[in-house]
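In: sequence first, then the predicted structure, then my questions.
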Amino acid sequence: MSRKKTASLFEDSMDELEKLVEQMEQGDISLEESLKAFERGIKLTRTCQQALQEAEQKVQILLKKNGQQTLEPFTNE
């Protein structure tokens, strides 16, 4: 996934997650809607965690390359 898509996906996921949390905190939704929101929140959290892990891997690659900050391709496997 391209860097822009990953960043956009992360930001979009975080925005949606924040809205879900606000909605659930207000307590104006039914139990069924709360469960659906919770399930969606778990999926969004996993998406965000994956994006952060990929970013951390990229940082590790940069820092381990002979102590120099050089760029090299990152494969998302």
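Out: Received the coordinates, thanks.
In: okay, and I29 sits in which element?
Out: Using DSSP states H and E, I29 sits in no helix or strand.
In: tell me the pLDDT of it.
Out: As predicted, I29 sits at a pLDDT of 91.
In: any idea how far it is from T6?
Out: In this view, I29 and T6 are 31 Å apart by C-beta to C-beta, to the nearest Å. C-beta: built from backbone N, CA, C; applies to glycine.
In: which of the two has more neighbours?
Out: Neighbour totals were compared for I29 and T6, and T6 leads with 18 against 13 (other C-beta atoms under 10 Å).
In: skipping adjacent residues, who's closest to that one in space?
Out: Distances taken as C-beta to C-beta, 6 or more residues apart in numbering put A51 closest to T6, at 5.4 Å, once the chain neighbours are dropped.
In: next one: that neighbour from L44, what distance?
Out: Remark: distance between A51 and L44 (C-beta to C-beta) = 11 Å.
In: S34 too?
Out: 15 Å.
In: okay, these two: which has more neighbours?
Out: Using other C-beta under 10 Å as the criterion, S34 and L44 rank with L44 on top: 19 against 14.
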